[in-house]
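S.K.: test case, fold it:
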Amino acid sequence: MIDHFTVSVKDFARSRAFYAAVLAPLGYSVKMEFPKFAGFGDDRKPYLWLKEAETATTPQHIAFRAASRAAVDAFHKAALEAGATDDGSPGVRDMYHPNYYGAFVIDPINGHPLEAVCHAPPPAPKKKKAPAKKTAKKKKR
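M.R.: The predicted structure follows:
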């Protein structure tokens with residue numbers, strides 16, 4: 001539905017560094033950049049643009065798609081290390097649906113509630129290999 005969107009930020013350099021750190025575990029990075037204006041996205045194109053302005057955009061809940069639950073965990077860890085406030089540890093939110101796995105933080109510069117979410121079911125448990133069968137030794141004649 002949404003092709004891309006722009007968020008105005010108070011401090012472009014700090015905001016760019018924060019989003020670069022937080023989005024890297026999800027596979028997103030800066031794809032285009034102009035003076036005080038940068039677009040983050042995947043291999044295809046930028047989806048989220050940051051631009052510096054006197055007044056930051058009113059805080060918006062922004063949810064980023066994660067390819068795996070491990071990526072959600074890594075997003076949360078990276079965000080906290082980059083100064084974000086925890087707003088919900090990684091985990092299943094089954095009130096949305098049984099496979100909704102998300103983590104929530106607050107952007108420390110502009111106040112945006114950020115989320116990483118994976119909708120895939122959990123990985124199947126690894127099967128233990130059965131012990132090798134012992135073969136009976138043939139008696140020599």
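
S.K.: burial check on the spatially closest residue to Val7 that is not a sequence neighbour, number of neighbours?
M.R.: Distances taken as Cβ to Cβ, 6 or more residues apart in numbering put Thr57 closest to Val7, at 4.8 Å, once the chain neighbours are dropped. All C-beta atoms are positioned from the backbone trio N, CA, C, and that covers glycine. The local packing of Thr57 (other Cβ atoms under 10 Å) involves 17 other residues.

S.K.: what's the answer for Cys118, then?
M.R.: 23.

S.K.: now it. Its backbone dihedrals?
M.R.: phi -120, psi 130 (degrees, to the nearest 10).

S.K.: next: Gly91.
M.R.: Dihedral angles (degrees, to the nearest 10) for Gly91: phi 170, psi 170.

S.K.: then Ala24?
M.R.: phi -60, psi -40.

S.K.: and it, what does it touch?
M.R.: Ala78 (Cβ atoms under 8 Å, 6 or more residues apart in numbering).

S.K.: so what pLDDT did it get?
M.R.: In this model, Ala24 is scored at 98, pLDDT.

S.K.: with Lys140 instead?
M.R.: Value for Lys140, per-residue pLDDT: 61.

S.K.: same deal with Phe40?
M.R.: The predicted local confidence for Phe40 is 98.

S.K.: so Thr6 touches Tyr47, yeah?
M.R.: No. Using Cβ atoms under 8 Å as the test, Thr6 is too far from Tyr47 to be in contact (10.4 Å).

S.K.: who has more neighbours, these two?
M.R.: Tyr47 (17 against 14).

S.K.: any idea how far the more buried one lies from Val7?
M.R.: 11 Å (Cβ to Cβ, to the nearest Å).
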